[in-house]
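Participant: The sequence and its predicted three-dimensional model are supplied below.
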Amino acid sequence: MNFKRKLLIAALPLAFCLSSAANALEIKFAEIHPAGYPTVVAEEAMGKKIEEASNGDITFKMFPGGVLGSEKEVVEQTQIGAIQMTRVSLGIVGPVVPDVNVFNMPFVFRDREHMRKIIDGEIGQEILDKITNSEFNLVALAWMDGGTRNLYTKKPVRNIEDLKGMKIRVMGNPLFVDMMTAMGANGIAMDTGEIFSALQTGVIDGAENNPPTMLEHNHYQNAKYYTLTGHLILPEPIVMSKDTWNSLSAEQQALVKKVAKEAQLEERKLWDAKSAASEEKLKAAGVEFITVDKKPFYDATAPIREKYGAQYADLMKRIADVK
Ligand code: GTR
């Protein structure tokens, strides 16, 4: 065998490795929630399925706990394709894709079951498609259940008057600032990661979220009253960078879609268990759960549903008609 030929043969495995590496895709998935959180667990299971079914062409790596940045930063990174996938609250999608604000309106869903029926049905798919078809450069694949949001405060809120003048943190969406104004408080927009110290230093008097977030992000340490207003029931889309999506084969796209939908149904079982366990832990840690008459909160926020919902009157009616 001549020398040149030997070299060629020796180089073959290397060339093969390089070419398969060039085709391989690593999905970096960003989560602001910590390891073990229901969304994280369901998304990891989804990632495992993608890896297995793609025969190693796609690998999946979860980055929990906000290590890749705040939700807003991560969304921007996903839009440009530096991060391939994330789950994000619909709250912060609203300012960029206003159509999704229908789901962001206070008391638009009657209860958890109503919300789940909507996200599992055609309206849920329509809202995902609105994100995908916007200029957001993301493909929205499925919904995670983000539970029901209630108020937590440093001083008790036993009726809507108690909320007057309180500074309450909300997600960065003008709709939520308006919602707080309507309920008599001052809505202060900030990232999730800033809430803990803002509560500790008294920059805010409270925030609003579901029991798992209140617990896992340690907000309960400086807010001992949890008022069950149930003003928001927010689903959270799993999104993929459109650049990443476009780099997938049709078969791979179908796979990602399928396993994301499976994650949608799997996560809610984890969610229900985690939510119940979180409530117990919060109570054990000295948080007082306050039941309130929701009607004054519902009535006070009617102008918000009118202001943001007027142009979606048909959709609002279709949502209300889902029994
Ligand atoms: C959580 C949600 C997060 C984030 C957070 C917040 O319930 O899962 O995506 O939006 O609330 O209020 O910042």
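Facilitator: Structure received. No experiment lies behind these values; they were computed from the predicted model shown.
Participant: Tell me which stretches of the stretch 201-323 of the chain form strands.
Facilitator: Here the stretch 201-323 of the chain has its strands, by DSSP state E, counting those that start in this stretch, at 206-209, 225-241, 288-290.
Participant: need these in a markdown table with mean neighbour count and distance to Leu151, can you?
Facilitator: To be clear about C-beta, it is placed using only N, CA and C from the backbone, and glycine gets the same treatment. What follows is the strands of the stretch 201-323 of the chain, written out as a markdown table (neighbours: other C-beta atoms under 10 Å; distance: least, C-beta to C-beta, whole Å):
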| stretch | mean neighbour count | distance to Leu151 |
| --- | --- | --- |
| strand 206-209 | 26 | 5 |
| strand 225-241 | 24 | 4 |
| strand 288-290 | 15 | 9 |
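Participant: Minimum distance to Leu282: which of those has it?
Facilitator: strand 225-241 (6.7 Å; C-beta to C-beta).
Participant: circling back: of the strands of the stretch 201-323 of the chain, give the one that comes closest to Glu267.
Facilitator: Across those, closest to Glu267 is strand 225-241 (C-beta to C-beta), at 9.4 Å.
Participant: how distant is the closest one from the center of its chain?
Facilitator: 7 Å (C-alpha atoms, centre = their mean, to the nearest Å).
Participant: who's in contact with the closest residue to the ligand within the stretch 201-323 of the chain?
Facilitator: Nearest to the ligand, among the residues of the stretch 201-323 of the chain, is Thr213, at 4.2 Å (C-beta to the nearest ligand atom). By C-beta atoms under 8 Å, 6 or more residues apart in numbering, Thr213 lies in contact with 33, 147, 192, 219.
Participant: out of those, which touch the ligand?
Facilitator: Thr192 (C-beta under 6 Å from any ligand atom).
Participant: Highest neighbour count among the contacts of Thr213?
Facilitator: Each of these was scored by neighbours using other C-beta atoms under 10 Å; the highest score is Gly147's, at 26 neighbours.
Participant: rewinding a little: want to throw the strands of the stretch 201-323 of the chain into a markdown table with mean pLDDT?
Facilitator: Formatted as a markdown table, those follow (pLDDT from 0 to 100):
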| stretch | mean pLDDT |
| --- | --- |
| strand 206-209 | 98 |
| strand 225-241 | 98 |
| strand 288-290 | 98 |
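Participant: Nearest approach to Asn101 belongs to which of the ones you listed?
Facilitator: When those are ranked by proximity to Asn101 (C-beta to C-beta), strand 225-241 comes first, at 11.1 Å.
Participant: just to revisit the earlier point, which one, of the strands of the stretch 201-323 of the chain, ends up nearest to Glu52?
Facilitator: Across these, closest to Glu52 is strand 225-241 (C-beta to C-beta), at 18.3 Å.
Participant: got TSV for the strands of the stretch 201-323 of the chain, with distance to the ligand too?
Facilitator: Formatted as TSV, these follow (distance: least, C-beta to the nearest ligand atom, whole Å):
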stretch	distance to the ligand
strand 206-209	5
strand 225-241	6
strand 288-290	18
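Participant: can you redo these as a markdown table with distance to Thr153?
Facilitator: Listed next are these as a markdown table, based on distance: least, C-beta to C-beta, whole Å:
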| stretch | distance to Thr153 |
| --- | --- |
| strand 206-209 | 3 |
| strand 225-241 | 5 |
| strand 288-290 | 9 |
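Participant: among those, which is nearest Gln84?
Facilitator: For the strands of the stretch 201-323 of the chain, proximity to Gln84 was assessed by C-beta to C-beta; strand 225-241 is nearest, at 5.4 Å.
Participant: So what are the sheet partners of the closest one and their directions?
Facilitator: Partners of strand 225-241 in the sheet, by DSSP bridges, are strand 85-87 (antiparallel), strand 138-153 (antiparallel), strand 288-290 (parallel).
Participant: Now do whatever residue of the stretch 1-150 of the chain ends up closest to the ligand: how many residues are near it, please.
Facilitator: Taking C-beta to the nearest ligand atom as the measure, the point where the stretch 1-150 of the chain comes nearest the ligand is Ser89, at 3.1 Å. Per other C-beta under 10 Å, the neighbour tally for Ser89 reads 23.
Participant: All set, thanks.
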